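> Next one to model:
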Amino acid sequence: MIKRALKHTYTLLNVDHVNLGPKWNYKNVISPYFRLYYIDAGAGEISDISTTLSLEPGFLYMIPSFTLCNLICQNHLSQYFIQFFEESSDGISLFAHNRCIFKVKATKVDMLNFARLLEINPGRGINRSDNPRIYEKNIFYKEYQELNNQQNMATFIETHGILLQLASRFLTPETFKHKEISQIPVKILNAISYIQLNLHQDLSVTNLAEKANQHTDYFSRLFQQYTGERPLKYIHEKRIERAQYLMVTTQMTYAEIAIQTGFENIFYFSKIFKKVTGMSPGNYKKQIDFVSF
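Residues are numbered from 1 along each chain as shown. Model (predicted):
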């Protein structure tokens, strides 16, 4: 018998029901966690670099982690929202190839799931402010992580189950661009997993090719064939993605982040950061003081 194991798990950060107004107007939002909305009244808008979606009653919306977007409410918007982290056994997000905003029609079960999640997780809203500059701080992450640790087993399992159910609503063939994993050679899959789990280590293409027992040039061509990117470019992007996560969720200095993400010095880190994101670490930090949740 072939067993199919679930590699991705989700942990709750926030859940609440809120009424929003024109102050809910944030541009260039990027977060290291997922955001999921159910709209029950009013109107708004969310957009990414290629898509603009109207927020309207009766629909679910999901924004995967590290998806740059804009949030707009011109008048009034009533929404249930959930914010949650994703973890995977190989460090690869289920939505790695789907960094875009999603919209699906809500069902009665979806509405019940939102209500139930809020019922069994009281006090998990953003109570201090709706401004990311105020609540996007490391101490607040630690508070919510501790709340997860304090859940009894029944609540913890039920919470996880509801998050899985809601995430599954965006995995249908009509909405999810699925890349057939079984067609990717095992050696390339192993290389991808190794990169994700060892971003702080030396990750030269030569070293990766040796681990795959392949010539460097052949390994690079094969890697690009199945991922769409050369190995070095892929490594740089994943390191900078990790750096963005650390800049949002910790108070580490740029030098400390450079070390944690495998760069030999802060100057090289800054060069690659700007190459990947289009801005310097300093300018990015200024933006996330205004745009994270």
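> just the strands in the chain please.
Listed in chain order, the strands found in the chain under DSSP state E are 8-20, 25-29, 34-42, 44-47, 52-55, 59-63, 69-72, 77-88, 102-105.
> Ok, which of these comes nearest residue 156?
Between residue 156 and the strands of the chain, the tightest spacing by Cβ to Cβ is seen for strand 8-20, at 9.2 Å. Just so you know, the C-beta spots here come from the backbone N, C-alpha and C atoms, and that holds for glycine as well.
> circling back: go through the strands of the chain and pick out the most buried.
Highest mean neighbour count of the strands of the chain: strand 59-63, a mean of 22 (counted as mean count of other Cβ atoms under 10 Å).
> That strand to strand 34-42, inter-axis angle?
Interaxial angle of strand 59-63 relative to strand 34-42 (axes from the mean of the first three to the mean of the last three Cα atoms, to 10 degrees): 150 degrees.
> Indicate each strand paired with strand 59-63 and its parallel or antiparallel sense.
strand 34-42 (antiparallel), strand 102-105 (antiparallel) (DSSP bridges).
> could I get these as a markdown table with distance to residue 65 and mean pLDDT?
A markdown table is the format used below for those (distance: least, Cβ to Cβ, whole Å; pLDDT from 0 to 100):
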| stretch | distance to residue 65 | mean pLDDT |
| --- | --- | --- |
| strand 34-42 | 6 | 95 |
| strand 102-105 | 13 | 95 |
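> Same list (those strands) but as JSON lines, adding distance to residue 95.
Shown next, in JSON lines, are the strands paired with strand 59-63 (distance: least, Cβ to Cβ, whole Å):
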{"stretch": "strand 34-42", "distance to residue 95": "8"}
{"stretch": "strand 102-105", "distance to residue 95": "9"}
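> Out of those, flag the one nearest residue 239.
strand 34-42 (21.3 Å).
> who touches that closest one?
10, 17, 19-20, 55-65, 73, 75-86, 106, 110-111, 114, 166-167, 293 (Cβ atoms under 8 Å, 6 or more residues apart in numbering).
> Residue 252 versus residue 282, what's the distance?
Distance of residue 282 to residue 252, given as Cβ to Cβ, to the nearest Å: 14 Å.
> Tell me which of these two has more neighbours.
When residue 282 and residue 252 are compared on other Cβ atoms under 10 Å, the one with more neighbours turns out to be residue 252, at 15 against 12.
> Touching, that one and residue 258? I think so.
No - applying Cβ atoms under 8 Å, one finds residue 252 not in contact with residue 258, separated by 9.4 Å.
> Kindly state the pLDDT recorded for residue 255?
Here the pLDDT value assigned to residue 255 is 92.
> tell me the contacts of the most centrally placed residue in the chain?
In the chain, the centroid-proximal residue (Cα atoms, centre = their mean) is residue 65; its distance is 1.6 Å. By Cβ under 8 Å, 6+ apart, the contact set of residue 65 is 31-34, 85-86, 93, 95.
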